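Asker: when you get a sec, could you give me coordinates for this:
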Amino acid sequence: MDHNIRPMEQKDLDKVRHWRNHPEIRKYMFSKNEILPEEHQKWFERTTQSKLKTLLIYTHRNQPMGFVQFSSNKSKNSFADWGFYTAPLAPKGTGTKMATLALDFAFEQLKAHKVFGEVLDYNTGSIKFHLKIGFIQEGVLRDHHYDENGYSSVYCFGLMHHEWLKKRNELPKHQ
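Answerer: Numbers count the residues shown, from 1 in each chain. Next comes the predicted model:
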């Protein structure tokens, strides 16, 4: 299979940290600090021990091309918060292919009823992306986040399982 999603492993740490620290990715994160190797290792160990967190790597022809994290709530994984990014030089369309596999995973494996995400207001690409793949904008937390650029609003998006089942067939198929 050309496109796959698999659990993140120790061998992925350097690559994922490199992606996360890339200026084009980091500028859209809630925490913009550059991640050090030791810090990243501790995060990985802590996160992989949690039953409420799932770390995934998207691959294309066995080459890692993206990262997805789901954080589930305690009520039988009925809700999952997600965060993701593709490799900085990933080809156009990578995000949609990765999201399709990741959302299938969330709804089928994690048994999520709903996936939700938060996007900073100046990340217009991610806002458009969420809408494109079927998420509904559920709200805006005005001036909710503060960083070196000042206050930013946070857009809240949600996608329920039954909505995904309808939207999924409209998206490009995996090649």
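
Asker: where do the helices of the chain begin and end?
Answerer: Along the chain, counting by DSSP state H, helices occupy 13-21, 23-26, 37-49, 94-108, 124-132, 161-168.

Asker: pLDDT below threshold where in this structure?
Answerer: Applying pLDDT under 70 to the chain flags the ranges 1, 74-77, 173-175.

Asker: go with 90
Answerer: The chain contains residues with pLDDT under 90 at 1-2, 31-33, 51, 72-79, 147-149, 169-175.

Asker: output stretch 85-101 as CSV, nothing but the C-alphas.
Answerer: Extracted in CSV, the C-alpha atoms of stretch 85-101 (Å, rounded to 0.1, in the frame of the first residue of the first chain):
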residue,chain,number,x,y,z
TYR,A,85,1.5,18.6,10.4
THR,A,86,3.1,17.3,7.2
ALA,A,87,6.8,17.3,6.4
PRO,A,88,7.8,20.8,5.3
LEU,A,89,8.5,19.8,1.7
ALA,A,90,5.7,17.2,1.4
PRO,A,91,4.0,17.3,-2.0
LYS,A,92,0.6,18.9,-2.5
GLY,A,93,-2.2,16.6,-1.4
THR,A,94,-0.3,15.0,1.4
GLY,A,95,-2.4,16.6,4.1
THR,A,96,-5.7,15.3,2.6
LYS,A,97,-4.4,11.8,2.2
MET,A,98,-2.9,11.8,5.7
ALA,A,99,-6.1,13.3,7.2
THR,A,100,-8.3,10.7,5.5
LEU,A,101,-6.3,7.8,7.0
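
Asker: run through who's touching stretch 42-55.
Answerer: 7-8, 10, 13, 35, 67-74, 105, 110 (Cβ atoms under 8 Å, 6 or more residues apart in numbering). In short, each C-beta sits where N, CA and C put it, glycine included.

Asker: buried among those? Need that as a selection in ChimeraX.
Answerer: Applying 16 or more other Cβ atoms under 10 Å to these, the buried members can be selected in ChimeraX as follows:
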select :8,35,67,68,69,70,72,105,110
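
Asker: so which of the contacts of stretch 42-55 comes closest to Leu171?
Answerer: Closest approach to Leu171 among these (Cβ to Cβ): Phe105, at 15.0 Å.
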